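S.K.: With the sequence up front, the predicted model follows.
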Amino acid sequence: QVELVESGGGMVQAGGSLTLSCAASGATFTIKVMGWFRQAPGKDREFVARIGRSDSVTMYADSVKGRFTISRENVKSPVNLQMNSLDAEDTAVYFCAAAVGSAWSSVSDYYYWGQGAQVTVSS
């Protein structure tokens with residue numbers, strides 16, 4: 001079993017930056033991919049970014065490419081999501097997710113989920 005805990009959410013003005021962090025505990029050796037998703041009110045959960053645990057291969061949604069960066073220092077470090085140039089469209093609950101097999105942008109690829117962190121961007 002794996003537990004994921006997000007931190008770093010909050011409120012920021014448009015154009016500002018925030019960094020989210022996701023710490024994993026438990027059977028972390030089973031994790032192959034870490035990802036970030038978000039869900040705005042009334043909308044489906046959508047992919048934001050992912051990083052491979054062993055190869056550090058990253059992938060981003062087109063809507064955040066060039067503004068967001070997913071990273072981690074090593075396989076045991078928390079996974080961070082640096083978010084720059086935020087705008088109102090980025091307002092959502094952000095979820096950290098972990099996959100035990102191959103995973104890219106589909107919600108169904110990921111088995112473990114955090115509770116979510118609210119990010120609110122005011123215009």
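M.R.: Everything's here; your move. Here the structure is a predicted model, which means the values were calculated and not measured. Residues are numbered from 1 along each chain as shown.
S.K.: Could I get the contacting residues of the spatially most central residue of the chain?
M.R.: Nearest residue to the geometric centre of the chain (C-alpha atoms, centre = their mean): Trp36, 2.1 Å. Each residue near Trp36 by C-beta atoms under 8 Å, 6 or more residues apart in numbering is listed here: Leu20, Cys22, Val48, Ala49, Arg50, Ile70, Val79, Leu81, Tyr94, Phe95, Cys96, Ala97. For glycine as for every other residue, the C-beta is placed from the backbone atoms N, C-alpha and C.
S.K.: Now secondary structure too, for these, in CSV please.
M.R.: Output for these, formatted as CSV (DSSP: H, G, I helix; E, B strand; the rest coil):
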residue, secondary structure
Leu20, strand
Cys22, strand
Val48, strand
Ala49, strand
Arg50, strand
Ile70, strand
Val79, strand
Leu81, strand
Tyr94, strand
Phe95, strand
Cys96, strand
Ala97, strand
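S.K.: Dig out what Ala98 forms beta bridges with.
M.R.: For Ala98, the beta-bridge partners are Met34, Tyr112 (DSSP bridges).
S.K.: My read is that it contacts Ala24, right?
M.R.: Yes: the criterion here is C-beta atoms under 8 Å, and Ala98 meets it with Ala24 at 6.3 Å.
S.K.: Phi, psi for Ser77 please.
M.R.: phi -80, psi 160 (degrees, to the nearest 10).
S.K.: Count the neighbours of it for me.
M.R.: A count of neighbours around Ser77, defined by other C-beta atoms under 10 Å, yields 12.
S.K.: go on, the one 5 residues further on?
M.R.: Gln82 has 15 neighbouring residues, counting by other C-beta under 10 Å.
S.K.: State the distance from it to Gly66.
M.R.: Distance of Gln82 to Gly66, computed by C-beta to C-beta, to the nearest Å: 12 Å.
S.K.: Backbone dihedrals for the residue lying closest to Gly16 once chain neighbours are set aside, please?
M.R.: Nearest residue to Gly16, sequence neighbours excluded (C-beta to C-beta, 6 or more residues apart in numbering): Leu86, at 5.6 Å. For Leu86, the backbone dihedrals (degrees, to the nearest 10) come out as phi -70, psi 140.
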